[in-house]
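Undergrad: Provide a 3D model corresponding to the input given below.
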Amino acid sequence: MAKKMKRKSKKKQNWGLTKDERQEIASSWVREYEGDNIVKAYSKKFRLNLKSSLKELTSFGFTISSEERAQIKRLIDIQKQQRENKKRKKEARELQDLIDSDETFAFIAGYTEGGAPFGITHEEMQENEEN
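TA: All right, here's what the predicted structure looks like:
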């Protein structure tokens, strides 16, 4: 049986390049690019964040319209908000995992030597919330 030859992924060949190497590749790539959002495509191709992609393209001398700049800034804000939401959800899940409960107790403070749980019942919790 012949061994399968591993091929280098074309998708990853532009990752981790220096700025000068990216500039050489980018000059020909930009001329051939026909999409709507060059900054977002550049970001994906070279695995950079949007802000760095915008900065690099302008430093290389490529003109980017003010509309596209505004769109990129909105995308950056959206991504930031999504990261914050994800972080909050993760913290809420971790907090929920820390709270031990069952069908009788809303919060189990601990267990007796015999293994019986003790804590606050659901009824007591509702009474505390109402007050």
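Undergrad: State the three-state secondary structure for the residue nearest the centre of the chain.
TA: Residue closest to the mean C-alpha point of the chain, counted by CA atoms, centre = their mean, is R83 at 5.4 Å. On the three-state scheme (DSSP: H, G, I helix; E, B strand; the rest coil), R83 is labelled helix.
Undergrad: For L95, see how far away it is.
TA: The gap separating R83 from L95 is 19 Å, by CB to CB, to the nearest Å. All C-beta spots, glycine's among them, are computed from the backbone N, C-alpha and C.
Undergrad: repeat for A109
TA: The value you get for A109 to L95, if CB to CB is used, is 16 Å.
Undergrad: do the same with Y42
TA: 40 Å.
Undergrad: Those two: which has the busier surroundings?
TA: Y42 (23 against 9; other CB atoms under 10 Å).
Undergrad: now the helices for this protein?
TA: Defined through DSSP state H, the helices belonging to the chain, from first to last, are 19-32, 38-46, 50-59, 66-98, 122-130.
Undergrad: Good, wrapping up.
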